[in-house]
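Trainee: no sequence for this one, just the structure:
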């Protein structure tokens, strides 16, 4: 659902733009535009032993951005990684104007009021955030398939009543696992979509229980591309990027959640 909305929302902005380059790294995918704008998304691939990963190779360099935007709703996770990286490139200027996360008072813990006794459910393990949540005295339940953390059935069953806050990795947009979590979480929970892949487009989530977006905007583009090419992850991207956020009710953006 969210992927369909993002694709529809950026079909217009993609018209008249062209692709500067597509870089698919082991950890992140980057798409640049003709004006230098750069967008990132986690590289969602089947780590199978094979000499190719793309379903059908296309050289997108120099092609119209409208040729790639359809990938944002592809049923192939790697194609969707490319499409959402393009969405983030097309949205880079807007995201850069959003409030900056520059320390404890502007981060998720402060913005969502996480403290002693707060019950936090986390989908996708964010080690630094998890450490700060625990240090704040909150209770933390983590589900991360790749790291073997948590039991999915128990976690999903608990979402209806247990958490005060749900932190959801934006990589869940790549395999459509985001929607089941949003459908299962209790109405009173505060939900944040987090990570460098996060499309900072509040209106796309307007009728969904998403209260905060926490994403990343590239600053030193050459450095960011070097990180992507060389298999670096979020910690390596951090020094060359700016964390940004959007909070429902605290910004002049669309939000009906």
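Mentor: Thanks, I have it. None of these values were measured; they are calculated from a predicted model.

Trainee: number of nearby residues for residue 165?
Mentor: Residues near residue 165, counting by other CB atoms under 10 Å, number 24. Using the backbone N, CA and C atoms, a C-beta is placed for each residue, glycine as well.

Trainee: Ok, residue 56 next?
Mentor: Here the count is done by other CB under 10 Å, and residue 56 has 7 residues near it.

Trainee: Can we start the residue count at 44 from this point?
Mentor: Will do, 44 is the new start, and the previous item becomes residue 99.

Trainee: Break down the stretch 94-243 of the chain into its helices, ranges please.
Mentor: Remark: helices assigned in the stretch 94-243 of the chain by DSSP state H, counting those that start in this stretch are 109-112, 120-133, 135-139, 151-154, 170-178, 195-201, 221-227.

Trainee: any idea how far the residue nearest to residue 125 when sequence neighbours are not counted is from residue 94?
Mentor: Nearest residue to residue 125 in three dimensions, chain neighbours excluded: residue 114, at 5.0 Å (CB to CB, 6 or more residues apart in numbering). According to CB to CB, to the nearest Å, residue 114 stands 21 Å off from residue 94.

Trainee: Show me which of those two is the more surrounded one.
Mentor: Here residue 114 and residue 94 are compared on neighbour count by other CB under 10 Å; more neighbours surround residue 114, at 24 against 4.

Trainee: circling back: quick check: the residue nearest to residue 125 touching residue 130?
Mentor: No. At 9.6 Å, residue 114 and residue 130 do not qualify as touching, with contact defined as CB atoms under 8 Å.

Trainee: List the contacts of the nearest residue to residue 215 once chain neighbours are set aside.
Mentor: Ranked by CB to CB, 6+ apart and with sequence neighbours excluded, the top spatial neighbour of residue 215 is residue 221, at 3.9 Å. If a contact means CB atoms under 8 Å, 6 or more residues apart in numbering, then residue 221 has 45, 211, 215, 236 as its contacts.

Trainee: rewinding a little: out of the helices of the stretch 94-243 of the chain, which is the most enclosed?
Mentor: Stretch with highest mean neighbour count among the helices of the stretch 94-243 of the chain: helix 120-133 (a mean of 27; mean count of other CB atoms under 10 Å).

Trainee: Just the strands from this protein, written as ranges.
Mentor: Secondary structure of the chain, counting by DSSP state E: strands at 62-67, 71-76, 81-85, 162-166, 182-186, 208-212, 233-237, 255-261, 284-290.

Trainee: looking at those strands, which is closest to residue 144?
Mentor: Residue 144 lies closest to strand 284-290 among those, at 3.8 Å (CB to CB).

Trainee: I'd like the distance from the closest one to the chain centre, please.
Mentor: 11 Å (CA atoms, centre = their mean, to the nearest Å).

Trainee: quick revisit: how much space between the residue nearest to residue 125 and residue 84?
Mentor: 10 Å.

Trainee: okay, and the common contacts of the two?
Mentor: The contact sets of residue 114 and residue 84 overlap at residue 125 (CB under 8 Å, 6+ apart).
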